[in-house]
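Chemist: quick one, structure for this:
(chains A and B)
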2 protein chains.
Amino acid sequence: MSGWVVVAGLGPGADHLVTPEVRAALDEATDVVGYIPYVARVAPRKGLTLHPSDNRVEVERARLALDLAESGRRVVVVSSGDPGVFAMASALFEALEDRTVMPEIRILPGITAMLAAAARIGAPLGHDFCTINLSDNLKPWALIERRLRLAAEADFAMAFYNPRSKARPEGFARALNILRECCGPDRLISFARAVSTPDEVIQTTTLSKALPEMADMRTVVILGNSATRRAGSWIYTPRSVP
Amino acid sequence: MSGWVVVAGLGPGADHLVTPEVRAALDEATDVVGYIPYVARVAPRKGLTLHPSDNRVEVERARLALDLAESGRRVVVVSSGDPGVFAMASALFEALEDRTVMPEIRILPGITAMLAAAARIGAPLGHDFCTINLSDNLKPWALIERRLRLAAEADFAMAFYNPRSKARPEGFARALNILRECCGPDRLISFARAVSTPDEVIQTTTLSKALPEMADMRTVVILGNSATRRAGSWIYTPRSVP
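Modeler: Numbers count the residues shown, from 1 in each chain, chains lettered A, B, ... in the order given. Sure, this is the predicted structure:
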């Protein structure tokens, strides 16, 4: 029996947001590889070996998955959300470049955090938007700043992943200052923490009232465009620009 | 019994990409409202009334859903992909602004076309990216052009929805010319048609070889950023920028 690697998105947290395609792959797997809290979302069963690993070892984790597949195992690499959005799919392809043998690989999409968050908020991403990872672990801060200014100039709505962590407490405050400068004080901004889990908290305010402390590593932040508005308790971005 | 409206994303086409949350809402519904081909994806059953409608009547369709809910019906408005990405959620909130009574509303996320396509291609959206609707039905073409130029300047990967239709055959050719000018001839571009359906076709080429005819209304187009590369038959965007 030949092995394979599936990189699967578990969605933002709730079981009812895991696709049947991902569920089927987990049912066939002999091994599950991933960051500790994501592997913890997979129910243990006989014949399934769990390989939880720490954060920031994505390429090593991908190599483990490829090694296991080469030895004939059926491996699911689990990501939160969607595996192609700031998650394990790119890391797997980076690890693949060293290899001569290519095992069978499939990437299975999942509900990414910004879309689960947008659904709770209303429809803030209902018009053209951009998606930016605010962590400067893997890119220079100057590039993030440049992208924020250009995205504001394009009047994109914006979704921000990894806005703030204990190791990087300053960046998000700087990002908010840039956004206030470029988008003005009244622009709507939503903070969606731990969407679809029991810890879920959603709050919307304006840039003038937004505080860095409203975000942590479990938060996705969504900034409206210049037309984003309220309809009752909902926030949405109209489809049309006159 | 009080009525409700759910706006649900059916994903790109395959049943195994419909979330259990959406499936449960469809099971509870008395009415399904939506564009003809999306309503056709819901299995008829006793006690369920289907209300298919034509394209470009989104706000009328949303009003019908709200009227039905006010009369006590349990209504699912179906969108392809995710309802918050160029789909019915914004239209529902637009229709809501006329109303004094607000029925219970829930938005249920789905797998949007660009993420299903990205998964088939590899991980082209594995770094910061933007998502642009290339139809100028609801916005001026000049705004699309401006956004393409700014997105290229920001070195975003880009996902394009509604690239080309019979009614708008020219726009996508113009968009390709702008992208060639801003991103150069060697930038990778992928065309993903009817992802996850029996009609699926995925092809990747470079901007110099891309032809407008490679896209139609069932195609999502993904342009890499300056670092997007091949790994065997896969296309991915590295996570890091040196």
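Chemist: who's in contact with stretch A:54-64?
Modeler: Under the contact criterion CB atoms under 8 Å, 6 or more residues apart in numbering or on different chains, stretch A:54-64 has outside partners A:33-36, A:51, A:53, A:77, A:88, A:91-92, A:94-96, A:98, A:137, B:239. Bear in mind the C-beta positions are built from the backbone N, C-alpha and C, glycine included.
Chemist: so which bits of that stretch are buried?
Modeler: Within stretch A:54-64, the residues scored as buried using 16 or more other CB atoms under 10 Å in any protein chain shown are A:58-59, A:61-64.
Chemist: nearest to B:Thr197, out of the residues you listed: which one, please.
Modeler: Nearest to B:Thr197, judged by CB to CB, of the buried residues of stretch A:54-64 is A:Ala62 at 29.7 Å.
Chemist: now that closest one: phi and psi?
Modeler: Torsion angles at A:Ala62 (phi, psi; degrees, to the nearest 10) stand at phi -70, psi -40.
Chemist: ok, now how distant is it from A:His51?
Modeler: Separation of A:Ala62 from A:His51 (CB to CB, to the nearest Å): 12 Å.
Chemist: what's the answer for A:Leu207, then?
Modeler: From A:Leu207 across to A:His51, the span is 42 Å (CB to CB).
Chemist: who's more crowded, the two?
Modeler: The residue with more neighbours, out of A:Leu207 and A:His51, is A:Leu207; 20 against 15, by other CB atoms under 10 Å in any protein chain shown.
Chemist: surely that one touches A:Gly184?
Modeler: Yes: counting by CB atoms under 8 Å, A:Leu207 does reach A:Gly184; the two are 7.0 Å apart.
Chemist: and for the residue nearest to A:Gly47 when sequence neighbours are not counted, the neighbour number?
Modeler: Sequence neighbours aside, A:Thr30 is the residue nearest to A:Gly47 in space, at 6.5 Å (criterion: CB to CB, 6 or more residues apart in numbering or on different chains). By the criterion of other CB under 10 Å, A:Thr30 has 16 neighbours.
Chemist: shaky segments in chain A?
Modeler: A:1 (pLDDT under 70).
Chemist: mind giving me the domain split of it?
Modeler: A:4-111, A:114-236 (automatic domain parsing).
Chemist: looking at those, which is nearest to B:Arg218?
Modeler: Closest of the domains of chain A to B:Arg218 is domain A:4-111, at 17.4 Å (criterion: CB to CB).
Chemist: and the end-to-end length of that closest one?
Modeler: Using CA to CA, to the nearest Å, one end of domain A:4-111 lies 23 Å from the other.
Chemist: for it, the distance to its chain's centre please.
Modeler: Relative to its chain's centre, domain A:4-111 lies at 15 Å (CA atoms, centre = their mean, to the nearest Å).
Chemist: related to what we said a few turns ago, and which of the contacts of stretch A:54-64 is nearest B:Ala123?
Modeler: The nearest member of the contacts of stretch A:54-64 to B:Ala123, counting by CB to CB, is A:Leu92 at 7.8 Å.
Chemist: neighbours around the closest one, how many?
Modeler: Each residue near A:Leu92 was counted by other CB under 10 Å, and the total is 29.
Chemist: which residue packs closest to it, ignoring adjacent ones?
Modeler: Closest residue in space to A:Leu92, ignoring its immediate chain neighbours: A:Ala62 at 4.4 Å, by CB to CB, 6+ apart.
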